[in-house]
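Colleague: Using only what follows, build the 3D model:
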Amino acid sequence: MSGILKWIRNHPLRYMEALGQVVMFAFQIFWLGLRPPFRFGLLISQMYFVGVGSLFIIMLTGLFSGAVFSLQSYYAFKLIGAEGLVGSSVAISLTRELAPVFSGLLVTGRVGSAMATELGTMRVTEQIDALETIAVNPMEFLVVPRVMATFIMLPVLTLMFDIIGMIGSYLVGVTFLEIDQGIFLQKIWWYLDPDDIYSGLIKASVFGFFLSLLGCYKGFNAEGGARGVGMAATQAVVASSVTILILDYFLTLMMLNK
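Modeller: Numbers count the residues shown, from 1 in each chain. Take a look at the predicted model:
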């Protein structure tokens, strides 16, 4: 019984302490990102890693996400004789929810884990300490470019997901399910608003910031050798994935009520 009470007493305090550390880490990133020196070379390198490196999995996932959602929507709308709404329903679902969330989760698995692993390896091998000894701020040199690059590139990847997803939806809906091409495209034109696209891109920017923040935080504070680096990468992916899903609910709630 005493063990249970101790767990109840200690764990909330640990979570609050960790949350406070993450918030302070984020404030450091904001402060360092707004003042010189601006390391544009490192930023471009990280943008290439995040954006171009993730392009294939984004396109592949987007293509089949649009295709399968079109297939499922067709059989649902067929029950009420509204097959022509397949294109618009897929377009709205992709732009508002599926594209930013799926892109965020995919980039978390590829980029967030890589950031945690790279920084964690540098931490346990004392490379970060070496930067400090030569008067280079490791936060400014290692963390800021990674966070800024993910913040910038995730909306771009989300937009690519939208486009490829709609191509997949069109191929299945018009070619395979034989929905009239004019009706398919006309319904998209009628029902898809620019706000649907903007809301998805805003979500993607927020997701990009938080997944890179958590990945860098876990790696930057890793300890315990190879095992600690592995745990940091795992914790970064889990924390970022859960954070994306939680943020998605609250961002959707805010955007629907504005």
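Colleague: Show the backbone phi and psi for Asp180.
Modeller: Note on Asp180: its backbone torsions stand at phi -60, psi 130 [degrees, to the nearest 10].
Colleague: Now do it: how many residues are near it, please.
Modeller: When neighbours are defined as other C-beta atoms under 10 Å, Asp180 has 12 of them. The way it works is simple: take the backbone N, C-alpha and C, and place the C-beta from them, glycine included.
Colleague: shouldn't it be in contact with Gly87?
Modeller: No: using C-beta atoms under 8 Å, Asp180 makes no contact with Gly87, being 10.2 Å away.
Colleague: ok, and for stretch 125-140, which residues are buried?
Modeller: 128, 131, 138-140 (16 or more other C-beta atoms under 10 Å).
Colleague: To clarify, my last question referred to stretch 249-258.
Modeller: For stretch 249-258, a neighbour-count test (16+ other C-beta under 10 Å) marks 251, 255 as buried.
Colleague: In terms of helices and strands, where is Gln72?
Modeller: Using DSSP states H and E, the element containing Gln72 is helix 53-78.
Colleague: Heading C-terminal from that helix, find the next helix or strand.
Modeller: Following helix 53-78 in sequence order, the next helix or strand is helix 86-93 (DSSP H and E).
Colleague: now that next one and helix 53-78, what's the angle there?
Modeller: Relative orientation of helix 86-93 and helix 53-78, computed by axes from the mean of the first three to the mean of the last three C-alpha atoms, to 10 degrees: 130 degrees.
Colleague: Need the contact partners of helix 86-93.
Modeller: Helix 86-93 is contacted by residues 66, 69-70, 73-74, 77, 165-166, 169-170, 173, 177, 179, 183-185, 187-188, 190-192, 196 when judged by C-beta atoms under 8 Å, 6 or more residues apart in numbering.
Colleague: List buried residues within those residues.
Modeller: For the contacts of helix 86-93, buried by 16+ other C-beta under 10 Å: 66, 69-70, 73-74, 77, 165-166, 169-170, 173, 177, 179, 183-184, 187-188, 192, 196.
Colleague: and Leu131, what does it touch?
Modeller: Contacts of Leu131 (C-beta under 8 Å, 6+ apart): 137-138, 141-142.
Colleague: same check, this time on Val111
Modeller: The contact partners of Val111, taken as C-beta under 8 Å, 6+ apart, are 49-50, 53-54, 150, 211-212, 215.
Colleague: Repeat the analysis, applying 6 Å as the threshold.
Modeller: Applying C-beta atoms under 6 Å, 6 or more residues apart in numbering, we find Val111 in contact with Val50.
Colleague: Three-state assignment for it, please.
Modeller: Secondary structure, DSSP: H, G, I helix; E, B strand; the rest coil: Val111 is helix.
Colleague: That one and Met231, how far apart?
Modeller: 18 Å (C-beta to C-beta, to the nearest Å).
Colleague: ditto for Met255
Modeller: Applying C-beta to C-beta, the value for Met255 to Met231 is 35 Å.
Colleague: Pull up the per-residue confidence for the residue nearest to Gly53 when sequence neighbours are not counted.
Modeller: Closest residue to Gly53 apart from its sequence neighbours, by C-beta to C-beta, 6 or more residues apart in numbering: Arg110 at 7.3 Å. On pLDDT, Arg110 comes in at 92.
Colleague: again with the one 4 residues further on
Modeller: The model reports Ala114 with a pLDDT of 93.
Colleague: cool, and Ala91?
Modeller: With respect to pLDDT, Ala91 has a value of 91.
Colleague: so Gly168 touches Leu63, yeah?
Modeller: Yes: Gly168 is in contact with Leu63 according to C-beta atoms under 6 Å; the separation is 4.2 Å.
Colleague: who's more crowded, the two?
Modeller: Higher neighbour count among Gly168 and Leu63: Gly168, with 25 against 19, using other C-beta under 10 Å.
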